[in-house]
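1. Test case, fold it:
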Amino acid sequence: MSRLALLGGKPLCALPPPKVRFPSFSKKAVSAVVERIESRKQVELGGHPLLESRIREYHGGGHALALSSGTATLQIAMAALGVGPGDEVITSPYSWGATTACILQLGAIPVFTDVERETGLMNPEDIQRLITRRTKAVMVVHIYGQAANMTRISAVARKHNLLVIEDGSQSHGALWKGRKVGRFGDSAGFSCMGGKLLAGTEGGYALFKRRRDYFAALTLSQHPKRSSEPGLPPDYKGYWDSLFYSYRICLLSADLLAEQVLKLDREIETRRQNVAILRKMLSGSQYFSFPRYGKGCEPSYHMVTANFDWEKAGVRTDTFRNAVTAEGFQVFGYVPSPIPTWKRMNWQGYDGPPAPWLRWLKQAKANYRDLRFPQCEWKIAHEVEFGFNYLTVEPRRMQAFADCVLKVEEELNALRDWERKQRQLAG
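-> This is a model prediction of the structure:
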C-alpha cells in the first residue's frame with residue numbers, strides 16, 4: 001500500500017462523477033415545471049391532486065397531504081391527532097433535530113429512549129419504561145432508510161393506547177416485513193427536499209390512517225379552498241378559516257415529485273444492489289462493519305451507516321473517517337451528540353438566543369441534564385456514514401470505496417503515529 005493521503009500520499013480513489021447524477025429528473029418532469037411557469041399557474045390553492053394520488057398509490061393507501069417541508073409534515077402529522085401542550089411524546093435521541101423540533105413546536109415534551117447500537121434505531125424495549133399518564137404518542141424515526149421494528153413498537157403502543165407517528169424523512173420505500181414504512185402508524189411525515197430519496201427542491205408529505213385526521217390536517221395547514229373536498233366530516237364545517245399554518249407545497253416542486261415517485265422503487269433497488277456489492281467487498285474488514293438486520297428490515301439507503309471498532313484499531317473514529325475521506329471516499333459522522341444534551345434542550349441556566357419551547361420545558365420540569373443513553377453514545381462514537389445517491393449499479397465504484405477503507409486499515413500503524421503526534425502538538 002502507498003502512503004495515506006491524509007499523511008501526504010496520493011489519494012487512492014479518483015473516479016469520475018456518476019454517469020447519472022442525483023437527483024435525476026425526467027424530461028416530462030422538467031416540462032411540467034416549464035409549462036406551469038409559462039402558463040402563470042404558480043399558485044393554486046387547491047393543493048396538488050396528482051402528487052397526492054400518486055403518493056397514496058405508492059404507499060398502498062392512506063390519506064396523503066403534500067406540504068412545504070419535512071418538518072412541517074411531522075408537526076402536522078402530530079397536531080392533527082391532537083398532540084399539544086404538556087403531552088409527552090417518546091422519540092429517539094439519535095436523529096436530525098427536526099424530529100424533536102416538531103414536538104417542541106407544539107408545546108409537547110420530548111421523552112427519549114435509547115437506541116439499538118448497530119443501527120441507531122429506536123429500541124422498542126425501552127419505550128415501556130418511559131410511559132407515564134402524560135404520554136400521548138410515540139414518534140418513530142426510520143433513520144438512514146432503515147425500518148424500525150414496527151411490530152414490537154406497535155404492540156407497545158396498542159397496549160397503552162398511544163398514538164404512533166412515523167418519521168419517514170429518510171426512509172421512503174423502506175420495508176418492514178414487506179410493507180412500506182409510513183402505513184404502520186396513525187400518521188407519518190416524509191421529507192422531499194433535494195437530497196432525499198424522493199427528491200424535488202423542498203417539500204414533503206404526510207400520511208394519515210384515518211380520513212378524519214386527514215381533514216384535521218387540512219384545516220391546520222391548507223387554504224380554506226380545500227374545504228370543498230369530498231368527505232369533510234359534518235362537524236368540521238364552520239371551523240375552517242384563515243387561521244392555519246401556511247404549509248402549502250411549492251407547486252413547482254410538487255410537479256417534479258409527481259414524476260419522481262414513479263421511478264422511486266427502481267432507484268431504491270439500485271441502491272440495495274450497490275450496498276450488497278460493497279458489503280461483500282468489505283466482509284473481510286477487521287474494524288469496519290455494517291449493521292446486521294433482522295428478518296423483516298429491508299433498508300432503502302438514503303444514507304448508509306456502518307461502525308468502526310476504534311477500541312480494537314487504536315485510532316479514533318474521526319481520524320479513521322478523515323483518512324478514508326482523504327483517499328476519495330467521503331464518509332462522516334451524522335449525529336454529533338444525543339439530542340437531549342444540546343444547549344437549546346436545557347432551560348437550566350440558559351442564556352442563548354430566544355427558544356420559546358424552553359419555557360414549556362421548564363413548566364414541565366423536564367430535566368435532560370443527568371440522562372444517559374449508553375447505546376446512543378456508543379453509536380455516535382463508532383458511526384461512519386456516507387451518502388448513497390447512485391442510480392446505476394456500479395461495481396467499479398464500490399470496489400474503489402472498499403479499497404479506500406482497506407488501505408486505511410493496512411496503514412493503521414502510520415495513522416496511530418500521526419494521531420499521537422497531533423495530540424502532542426495540541427498540548
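2. Please list all residues in contact with residue 46.
-> By Cβ atoms under 8 Å, 6 or more residues apart in numbering, the contact list for residue 46 reads 223, 225, 226. From N, CA and C alone the C-beta is placed, and that goes for glycine too.
3. right, I mislabeled it, should have said residue 220
-> Going by Cβ under 8 Å, 6+ apart, residue 220 touches 76, 79, 80, 244, 245.
4. okay, those in JSON lines with distance to residue 208 next?
-> Supplementary listing: the contacts of residue 220 in JSON lines, determined by distance: Cβ to Cβ, whole Å:
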{"residue": "76", "distance to residue 208": "9"}
{"residue": "79", "distance to residue 208": "12"}
{"residue": "80", "distance to residue 208": "7"}
{"residue": "244", "distance to residue 208": "16"}
{"residue": "245", "distance to residue 208": "16"}
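5. Highest neighbour count among those?
-> With neighbours set by other Cβ atoms under 10 Å, the maximum within these is found at residue 76, which has 30 neighbours.
6. The residue nearest to the spatial centre of the chain: which element?
-> For the chain, residue 170 is the residue whose C-alpha lies nearest the centre (Cα atoms, centre = their mean; 3.4 Å). Of the helices and strands defined by DSSP states H and E, none includes residue 170.
7. So in this protein, where's the weakest helix or strand by average pLDDT?
-> Averaged element by element with mean pLDDT, DSSP states H and E, the chain has its least confident helix or strand at helix 412-425 (a mean of 92).
8. Show me what it is packed against.
-> Contact here means 3 or more Cβ pairs under 8 Å, 6 or more residues apart in numbering; DSSP states H and E; on that basis helix 412-425 packs against helix 317-326.
9. Can you list the buried residues in the least confident helix or strand of the chain?
-> For helix 412-425, the neighbour count (16 or more other Cβ atoms under 10 Å) marks 412, 414, 415, 418, 419 as buried.
10. any chance of those in CSV, plus distance to residue 288?
-> As requested, these are arranged in CSV below (distance: Cβ to Cβ, whole Å):
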residue, distance to residue 288
412, 12
414, 17
415, 14
418, 19
419, 17
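11. Off-centre distance for stretch 174-188?
-> Between the centre of stretch 174-188 and the centre of its chain there are 14 Å (Cα atoms, centre = their mean, to the nearest Å).
12. Go through it and flag the buried ones.
-> In terms of neighbour count (16+ other Cβ under 10 Å), stretch 174-188 has its buried residues at 174, 175, 176, 180, 181, 182, 183, 184, 185, 186, 187, 188.
13. need the contact list for the second one.
-> When contacts are counted by Cβ under 8 Å, 6+ apart, residue 175 touches 147, 181, 296, 297, 298, 300.
14. Quick check: which of the residues you listed has the minimum pLDDT.
-> Sorting these by pLDDT puts residue 296 at the bottom of the list (93).
15. rewinding a little: mind checking which of the buried residues of stretch 174-188 are in strands?
-> Secondary-structure check on the buried residues of stretch 174-188 using DSSP state E: residues within strands are 175, 176, 180, 187, 188.
16. For those residues, work out which two are farthest apart.
-> Taking Cβ to Cβ as the measure, these reach their widest spread between 175 and 187, a distance of 19.2 Å.
17. Quick one: residues in contact with the lengthiest helix in the chain.
-> With DSSP state H applied, the helix covering the greatest number of residues in the chain is identified as helix 264-281. Counting by Cβ under 8 Å, 6+ apart, the neighbours of helix 264-281 from elsewhere in the structure are 58, 172-173, 197-198, 290, 298-301, 304, 388, 390-395, 397-399, 401-402.
18. How far away from the center of its chain is it?
-> How far helix 264-281 lies from its chain's middle: 18 Å, per Cα atoms, centre = their mean.
19. again, but for stretch 305-318
-> Centre to centre, stretch against its chain (Cα atoms, centre = their mean), the figure for stretch 305-318 is 24 Å.
20. Same question for it: list its buried residues.
-> In stretch 305-318, the ones that count as buried by 16+ other Cβ under 10 Å are 305, 306, 307, 308, 309, 310, 313, 315, 316, 317.
21. With secondary structure, pLDDT and distance to residue 69 as extra columns, can I get those in JSON lines?
-> Putting the buried residues of stretch 305-318 into JSON lines (DSSP: H, G, I helix; E, B strand; the rest coil; pLDDT from 0 to 100; distance: Cβ to Cβ, whole Å) gives the following:
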{"residue": "305", "secondary structure": "strand", "pLDDT": "98", "distance to residue 69": "24"}
{"residue": "306", "secondary structure": "strand", "pLDDT": "98", "distance to residue 69": "29"}
{"residue": "307", "secondary structure": "strand", "pLDDT": "98", "distance to residue 69": "31"}
{"residue": "308", "secondary structure": "strand", "pLDDT": "98", "distance to residue 69": "33"}
{"residue": "309", "secondary structure": "coil", "pLDDT": "98", "distance to residue 69": "37"}
{"residue": "310", "secondary structure": "helix", "pLDDT": "98", "distance to residue 69": "36"}
{"residue": "313", "secondary structure": "helix", "pLDDT": "98", "distance to residue 69": "39"}
{"residue": "315", "secondary structure": "coil", "pLDDT": "97", "distance to residue 69": "39"}
{"residue": "316", "secondary structure": "coil", "pLDDT": "97", "distance to residue 69": "35"}
{"residue": "317", "secondary structure": "helix", "pLDDT": "98", "distance to residue 69": "31"}
